[in-house]
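J.: here is a sequence with its predicted model. Questions after.
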Amino acid sequence: MRGHGSWIVVVVAAALIETTMLPAISIQRVVPDLVLISVVYFSIVEGSERGMFTGLLGGILQDVFANTGVGHHVLCLVVVGYVVGRMASRLITDNPYVKVMTVFGASVVHGFVYLAIEYIQKVDAEAAVMMTYSIMPQAFYTAAFTPVIFFLVGRVRPAPVPTQGYSL
């Protein structure tokens, strides 16, 4: 239970900090996406299933706190959790540059999936303007926070030690 409790605390804290404190350090209304960073962290460290559950919980909290339709962030973050979790086995995830680039790519994918959902619901949305002024700056800003957040989450919830099974 201790493992699940610390995971829930990390995800809820990321969502709360992102929606309450980080608007104070926003740059042109762009804030880093701490929930996305936690989804990528858990996808890399514990696999795609934990990443998808992190996306589910974090997405629900983001949708509730941001006052958007429930499901927008959930779908985007679950997709990111699955894709990053599947790719993590093929990446050298000990390298900090790989982690930063993975978060950057995940942020871009999250932004495009979210943009597609918004565009389907509101056809008058200007995709190019949203991409230029929202997706790319948020991806860079989120990627800049990656080393600090990975360090802090690694301290709160260390990576599980793989056990070797013996077969008869």
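T.: Great, that's in hand. All values derive from a computational prediction rather than experimental measurement.

J.: ok, and the closest non-adjacent residue to Leu61?
T.: Spatial nearest neighbour of Leu61, excluding adjacent residues (CB to CB, 6 or more residues apart in numbering): Ala15 at 3.7 Å. (C-beta placed from N, C-alpha, C; glycine too.)

J.: hang on, isn't that neighbour packed against Phe65?
T.: Yes: applying CB atoms under 8 Å as the test, Ala15 and Phe65 come out as touching, 6.3 Å apart.

J.: more crowded one of the two?
T.: Using other CB atoms under 10 Å, the more surrounded residue of Ala15 and Phe65 is Ala15, with 24 against 15.

J.: how much space between the more buried one and Ile120?
T.: From Ala15 across to Ile120, the span is 25 Å (CB to CB, to the nearest Å).

J.: any idea which residue is closest to the centre of the protein?
T.: Leu36 (1.3 Å; CA atoms, centre = their mean).

J.: please tell me how far that residue sits from Gln62.
T.: 9 Å.

J.: shared neighbours of those two, anything?
T.: Leu77 (CB atoms under 8 Å, 6 or more residues apart in numbering).

J.: so Val156 makes contact with Trp7?
T.: No: with contact defined as CB under 8 Å, Val156 does not reach Trp7; the gap is 9.3 Å.

J.: would you mark the buried spots in the helix ranked longest in the chain?
T.: Counting residues, the longest helix found in the chain (DSSP state H) is helix 96-121. Across helix 96-121, burial judged by 16 or more other CB atoms under 10 Å covers 99-100, 102-111, 113-115, 117-118.
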